[in-house]
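using only what follows, build the 3D model:
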Amino acid sequence: MDKRNEKPPSEDPFAFFWKALSGHHKYKVISKPICQKGDKDCNVFNVYATTLESNQNIAPTTSTDPVTDGSTVPISYSGGGTIKTTIDRENLSVTNETLPGHPLYPGTVTRMTRELPSGDIVEVTEGTGEGIFPRFNEFAAPVVWSLPDSQLRQAWKTKPAKGKEGDSSKFKFDPSKEDDL
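Residues are numbered from 1 along each chain as shown. You can find the predicted model right below:
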């Protein structure tokens with residue numbers, strides 16, 4: 001057998017399988033209401049301010065540090081890894097970017113505080129990226145993000161923060177309109 005035309009073996013003997021199991025993922029998860037219309041101080045600005053009080057409100061982590069722009073946060077669940085946070089106060093959102101070593105690197109998740117037509121306030125979580133088991137990631141997203149949603153709901157009930165005042169009309173979200181964000 002002529003070995004001159006053989007390709008060198010991959011350094012990772014499982015590279016073919018990882019590639020076969022990997023791919024693009026994309027999902028949107030809408031939380032149960034964080035607070036409901038009529039609740040005292042329930043508005044997008046106050047819920048967003050509460051979101052920034054703890055990393056547990058923006059990611060599946062045990063870190064209770066306040067959310068800071070550009071910080072790195074260890075992920076305690078869903079395979080571990082680390083994310084970098086970007087705060088966008090203008091759009092009431094936080095984007096988590098996966099860093100090398102995270103099983104879903106490269107990827108981003110953006111959590112947005114929004115008002116439903118009913119007046120209830122929710123978190124809308126949109127994720128996209130590459131990584132292993134993309135269909136499973138899409139399937140599991142509601143479960144994974146229910147933990148930060150629950151943490152935020154509990155934080156709102158026990159110690160709601162005060163946010164800026166302003167026009168909330170640009171933060172209205174109608175789930176029946178797919179491109180509403």
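
so how many other residues sit close to T158?
When neighbours are defined as other CB atoms under 10 Å, T158 has 8 of them. C-beta: built from backbone N, CA, C; applies to glycine.

same question but for R111, I mixed them up
What R111 shows, counting by other CB under 10 Å, is a neighbour count of 27.

quick check on it: phi, psi?
phi -110, psi 130 (degrees, to the nearest 10).

okay, and the beta partners of it?
On the basis of DSSP bridges, R111 is bridged to V94, T125.

that one is in contact with V124, isn't it?
Yes - at 7.3 Å, R111 counts as touching V124 under the criterion of CB atoms under 8 Å.

so which residues of this structure form helices?
Secondary structure of the chain by DSSP state H: the helices cover 15-21, 44-51, 134-158.

ranking those helices by burial, who's on top?
helix 44-51 (a mean of 24; mean count of other CB atoms under 10 Å).

so how far is it off the chain centroid?
Helix 44-51 sits 16 Å away from the centroid of its parent chain (CA atoms, centre = their mean, to the nearest Å).

I'd like to know which elements that helix is packed against.
Using 3 or more CB pairs under 8 Å, 6 or more residues apart in numbering; DSSP states H and E, the elements in contact with helix 44-51 are strand 107-115, strand 121-132, helix 134-158.

give the other helices and strands that the longest one contacts.
So that's helix 134-158. On a contact count with 3+ CB pairs under 8 Å, 6+ apart, helix 134-158 meets strand 22-30, helix 44-51, strand 121-132.

repeat that for 10 Å
Identification of packing neighbours for helix 134-158 by 3 or more CB pairs under 10 Å, 6 or more residues apart in numbering; DSSP states H and E yields helix 15-21, strand 22-30, helix 44-51, strand 107-115, strand 121-132.

turn the helices and strands packed on helix 44-51 into TSV, including mean pLDDT.
Putting these into TSV (pLDDT from 0 to 100) gives the following:
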stretch	mean pLDDT
strand 107-115	97
strand 121-132	94
helix 134-158	95
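
mind putting the ones you listed into a markdown table with distance to D167?
What follows is the helices and strands packed on helix 44-51, written out as a markdown table (distance: least, CB to CB, whole Å):
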| stretch | distance to D167 |
| --- | --- |
| strand 107-115 | 12 |
| strand 121-132 | 15 |
| helix 134-158 | 22 |
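
quick one: which of the ones you listed is nearest P175?
strand 121-132 (8.5 Å; CB to CB).

pull out the buried positions in that closest one.
Of the residues in strand 121-132, those buried by neighbour count under the rule 16 or more other CB atoms under 10 Å are 121-127, 129, 131-132.

list the contacts for the spatially most central residue of the chain?
Residue closest to the average C-alpha location in the chain (CA atoms, centre = their mean): V109, at 3.9 Å. By CB atoms under 10 Å, 6 or more residues apart in numbering, V109 lies in contact with 27, 29, 58-59, 83, 94-98, 125-129, 141, 144-145, 148.
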